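# sequence? don't have it. structure:
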Ligand SMILES: NC(=O)N[C@@H](CC(=O)O)C(=O)O
């Protein structure tokens, strides 16, 4: 899947540094330096743009098989490319659930056929996400999809013994369990964050402790069996504190935060607009501040979108009936610029670590998340941080429209995305 055509990227600022040129040929970065000779290559004007390694999303819902009305592997991977991603990990809560070698191979093949980004299926931890019996983790790991990330996302592996067994099992092939930390008994019927806003609106609350208790338990379990744990979509200040403590003990834990939890707060529920209904729920301004700090100081390792497309009939209904989840792929980099870069908390090298290098490492995909250097695979994102745009869900590549940023002015624009030297996005347009 390499392009024989050669591209000369002219005047890009690699990780925000001085303008330089990059020559992409045969799927690799052939040369880097100012004033390179085009020598027949197609020139891409990148004046003012930042060049980043292609982004990697460890947490995407592509909905295929089974919910093709919301998204398909093809539409979701086009949305990923438009957001600057060259690889995504597709969550297992499809229909049928990705809990067998057959289903993960199907998703992996669909990703290759679409060709917009690498699609790495996540395998379910338990059969049918039911939390009763381990799925065939080894067979998924051995399949052509080479699954290394396992998650019941959407559901918590709440049984401590099953979680222990899963953590032990994946050690054999260097896998990781990505936990959706939500104590089910503490969140029965929950509709939004438990706090002053839920009290005021009379909606059943979702306490922070339901997330924090599972994270604390799982960190201790992972330490006990010497395995890798990844915590999905961390959303509370207490969770950041627990992960910081676990890392200080030497526990092999990594964690992600979503763009929406870095920006949006629970008072948005006062609109009763279900576009703001999400799992885990939007929290308070104090939580947002702690999440930003945690991402800046490395307690939280990565940004992952939790892109969760839903058809309009699942969202344009009353709050209590609405599906949980929001789009994320096509706005993630803008939200990270707004919340982390423009605030001085992160530089572009820090963004590249948290949105490319480290997620690729956690997911064990060695060809992605590589530095922009000669000889490396030509996975490159060109991003104009000086542009601004008003978010229009109707213009998105995703099949769904449930973006919480609709009508909001956000900084930045992805100009181009290259997957192994082949442009998937050029001039801001899907190729
Ligand atoms: N993050 C979400 O709000 N939704 C996810 C699954 C889930 O975590 O509930 C989805 O698949 O829609």
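That came through fine. Note that the structure is a prediction, hence the values are computed from the model and not measured.
# residues contacting residue 200?
Contacts here follow Cβ atoms under 8 Å, 6 or more residues apart in numbering; on that basis residue 200 touches residue 270. Glycine gets a C-beta too; all of them are placed from N, C-alpha and C.
# near the ligand, which residues of the stretch 1-150 of the chain show up?
On the criterion Cβ under 6 Å from any ligand atom, the ligand has as its neighbours in the stretch 1-150 of the chain the residues 61, 93.
# show me where the stretch 1-150 of the chain has its helices.
If DSSP state H, counting those that start in this stretch is used as the criterion, the helices of the stretch 1-150 of the chain fall at 73-82, 101-114, 137-142.
# most tightly packed of those helices?
Ranked by mean neighbour count, those are led by helix 73-82 with a mean of 28 (mean count of other Cβ atoms under 10 Å).
# who does that helix touch, helix- and strand-wise?
Applying 3 or more Cβ pairs under 8 Å, 6 or more residues apart in numbering; DSSP states H and E, we find helix 73-82 packed against strand 55-60, strand 85-90, helix 101-114, strand 409-419, strand 422-426, strand 429-430.
# who are the contact partners of residue 223?
Listed by Cβ under 8 Å, 6+ apart, the contact set of residue 223 reads 246, 249, 250, 251, 252.
# per-residue pLDDT, it?
Per-residue pLDDT puts residue 223 at 98.
# which of the three states applies to it?
Classification of residue 223 by DSSP: H, G, I helix; E, B strand; the rest coil places it in helix.
# circling back: could you dump the helices of the stretch 1-150 of the chain to a markdown table with mean pLDDT and distance to residue 165?
Supplementary listing: these in a markdown table, determined by pLDDT from 0 to 100; distance: least, Cβ to Cβ, whole Å:
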| stretch | mean pLDDT | distance to residue 165 |
| --- | --- | --- |
| helix 73-82 | 98 | 30 |
| helix 101-114 | 98 | 19 |
| helix 137-142 | 98 | 10 |
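# picking that back up, of the helices and strands packed on helix 73-82, which is nearest residue 291?
Comparing those by their distance to residue 291 (Cβ to Cβ), the top pick is strand 55-60, with 15.1 Å.
# got the angle between the closest one and helix 73-82?
What separates the directions of strand 55-60 and helix 73-82 is an angle of 140 degrees, with axes from the mean of the first three to the mean of the last three Cα atoms, to 10 degrees.
# show me the contact partners of strand 55-60.
Where contact means Cβ under 8 Å, 6+ apart, the residues beyond strand 55-60 that reach it are 76, 80, 83-91, 149, 153, 178, 230, 232-233, 256, 258, 302, 304-307, 329, 332-333, 355-356, 359-360, 362-363, 365, 368-369, 381.
# neighbours of the nearest residue to residue 328 once chain neighbours are set aside, just the number please.
Nearest non-adjacent residue to residue 328, counting by Cβ to Cβ, 6 or more residues apart in numbering: residue 305, 3.3 Å away. The tally of other residues near residue 305 (other Cβ atoms under 10 Å) stands at 30.
# show me the contacts for residue 18.
With contacts taken as Cβ under 8 Å, 6+ apart, residue 18 has the following neighbours: residue 34.
# tell me how far it lies from the ligand.
40 Å (Cβ to the nearest ligand atom, to the nearest Å).
# cool, residue 240 as well?
Counting by Cβ to the nearest ligand atom - residue 240 and the ligand are separated by 19 Å.
# report whether the expected contact of that residue with residue 290 is present.
Yes: counting by Cβ atoms under 8 Å, residue 290 is a contact partner of residue 240 at 4.9 Å.
# okay, those two: which has more neighbours?
residue 240 (25 against 22).
# and the residue of the stretch 1-150 of the chain found nearest the ligand, what pLDDT?
Closest to the ligand within the stretch 1-150 of the chain is residue 61: 4.5 Å, counting by Cβ to the nearest ligand atom. Confidence per residue is given as pLDDT, and for residue 61 that number is 99.
# check residue 3 too.
Reading off the confidence values, residue 3 has pLDDT 57.
# can you check the one 5 residues further on too?
pLDDT recorded at residue 8 is 98.
# list the contacts for it?
21, 22, 23, 24, 36, 38, 41, 42, 43, 44.
# mind listing what residue 163 touches?
Shown in contact with residue 163 (Cβ under 8 Å, 6+ apart): 157, 177, 179, 217, 218, 221.
# farthest pair in those?
The most widely separated members of the contacts of residue 163 are 177 and 217, with 12.6 Å between them, by Cβ to Cβ.
# give me the more crowded residue out of these two.
A side-by-side neighbour count of residue 177 and residue 217, using other Cβ under 10 Å, places residue 177 first with 25 against 18.
# quick check: bridge partners of that one?
residue 150, residue 229 (DSSP bridges).
# and it, what's its pLDDT?
In this model, residue 177 is scored at 99, pLDDT.
# distance-wise, check it relative to residue 410.
Shown here: residue 177 relative to residue 410, a distance of 33 Å by Cβ to Cβ, to the nearest Å.
# picking up where we left off before, so what's the residue count around the residue of the stretch 1-150 of the chain closest to the ligand?
28.
# how about it, what does it touch?
Taking Cβ under 8 Å, 6+ apart as the criterion, residue 61 is in contact with 71, 76, 90, 91, 93, 306, 307, 308, 309, 325.
# confidence score at the residue most central in space within the chain?
Centroid-nearest residue in the chain: residue 304, 2.6 Å away (criterion: Cα atoms, centre = their mean). Each residue has a pLDDT score; the one for residue 304 is 99.
# kindly report the same for the one 3 residues further on.
The confidence metric pLDDT takes the value 99 at residue 307.
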